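Student: sequence below, structure please.
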Amino acid sequence: MQIDFHYYATYCAAALAGYTHDECMEICYSAQFVDECSRTFLSRIRGPMNAATTQLSLEMMDARTDVIGLQDITRIWASFHFLPYDLYAEVKGTKKYKSKYRMICGPNGSLVVDTVDLAKDKSLQAAGVAMHVLADTWAHRYFAGTPSLVINNTNRHFYEILEEDGKEIERSVNFRHNPNGIDDLEEGVYINSIYQSNEDSIMNLGHGRAGHLPDYSFIRYKYLPAWANYREYIKDNPNEYYSAFCQMVYALRYLHGDEKEFLVDTYATEIVAPYEEKIRSILNVRRLDSSEDWKAFGESLTGGVIDDFSIEKYEDEYKNSEDKDGTFLGKFIKAASAQKSMVTNHIYKSGSKLAGRSVES
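Tutor: Numbers count the residues shown, from 1 in each chain. Reported below is the predicted structural model:
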């Protein structure tokens, strides 16, 4: 997902869950900040390096791909962006293959419950971190947060499903590898990572081989994922993103104290229902970024003004404070560290060493 959903749509979900405008701003900022908190940023504010929740492209270019380096990559991407669905899934193959297969991301797994429960009675920053992780389980379904050709690769059988004159048509997706390029929605030309036959190449991390398609709310596509022995799968993002939104509202109501527990496959559909047509219209618009539409919707819900996201917003507070743990970024760092530790240790306890081991938070 992108800033339009992680920032603006999360604000809307928090508003519908009963939070005030100021609380919504803290939650949605934290949700988006998961995509911004790199080691480059942490170095600039003199924060702890192990709190990184993402890796910049330049950082990835320099990333080690030995065992230690791959564990570091997996800790970040599996904990925050590709939460494993079932770490004990039954699958045939070698031990190494099983470990990687069990890293495949998906919604409504037990780790989603652990993620939301971890944020209960914690800071608003913790709620934001949890919402980012939850939302990405829907967008990043079928991909894994560890470099793996045998799991994350796709092939040329990749089609976008479009509607034309009331009928469904299929258009072949043309992928190009151009790090500085922009997706062309009209021509169906999308940027993806370059094919690398090395199993552990960073080009085979997450949905790189499928480009940004999983991050667009409007898109429906079918393709042949490597982990499924290249059997055809259909991804319906408009409907899945709507489910993600309704689940976020439900999860935030739980964190707000209005639901007794957080259960999988449970959604705040009744609360969202009066706004369903509006939300689906935003999700279905074919554009690279729907931030303005979500922003207008969010402001109509609370009457507040949603500030543009700025990565520098809380830097000075953190750098100049003697009580760093009490600052906005200090609370985010604590929440992020707890999430990474929790997921890493679940992976380790499942018998996999892909993410290494972490101290308990």
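Student: ok, residue 276 - contacts?
Tutor: Contact analysis of residue 276 by Cβ atoms under 8 Å, 6 or more residues apart in numbering lists residue 242. Placement of C-beta: from N, CA and C, glycine included.
Student: that one and residue 346, how far apart?
Tutor: Separation of residue 276 from residue 346 (Cβ to Cβ, to the nearest Å) stands at 34 Å.
Student: with just CA atoms, put stretch 80-92 into CSV.
Tutor: The C-alpha trace of stretch 80-92 is given here as CSV (Å, rounded to 0.1, in the frame of the first residue of the first chain):
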residue,chain,number,x,y,z
PHE,A,80,6.0,-4.8,9.1
HIS,A,81,5.1,-5.3,5.5
PHE,A,82,4.6,-9.1,4.8
LEU,A,83,3.3,-10.5,8.0
PRO,A,84,3.4,-14.4,7.6
TYR,A,85,-0.1,-16.0,7.5
ASP,A,86,0.8,-19.4,8.8
LEU,A,87,4.2,-20.3,10.2
TYR,A,88,3.2,-23.9,10.6
ALA,A,89,1.6,-24.5,7.1
GLU,A,90,1.8,-28.0,5.8
VAL,A,91,3.7,-28.1,2.6
LYS,A,92,5.9,-30.7,0.8
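Student: just give me how far it sits from the chain centre.
Tutor: How far stretch 80-92 lies from its chain's middle: 15 Å, per Cα atoms, centre = their mean, to the nearest Å.
Student: now it: average pLDDT?
Tutor: Taken as a whole, stretch 80-92 has a mean pLDDT of 96.
Student: what packs against whichever strand or helix holds residue 128?
Tutor: Under the criterion of DSSP states H and E, residue 128 resides in helix 124-139. Applying 3 or more Cβ pairs under 8 Å, 6 or more residues apart in numbering; DSSP states H and E, we find helix 124-139 packed against helix 10-16, helix 21-33, helix 67-80, helix 110-119, helix 237-256, helix 328-349.
Student: the same query, at a cut-off of 6 Å, please.
Tutor: helix 21-33, helix 110-119, helix 237-256, helix 328-349 (3 or more Cβ pairs under 6 Å, 6 or more residues apart in numbering; DSSP states H and E).
Student: just the buried positions in the helix or strand following it, please.
Tutor: Counting by DSSP H and E, the element after helix 124-139 in chain order, helix or strand, is helix 149-152. Under the neighbour-count criterion of 16 or more other Cβ atoms under 10 Å, helix 149-152 has 149, 151-152 buried.
Student: between those, which is closest to residue 178?
Tutor: The shortest approach to residue 178 among those belongs to residue 152, at 19.5 Å (Cβ to Cβ).
Student: hmm, back to that, export the buried residues of helix 149-152 to JSON lines and tack on distance to residue 171?
Tutor: Putting those into JSON lines (distance: Cβ to Cβ, whole Å) gives the following:
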{"residue": "149", "distance to residue 171": "26"}
{"residue": "151", "distance to residue 171": "26"}
{"residue": "152", "distance to residue 171": "23"}
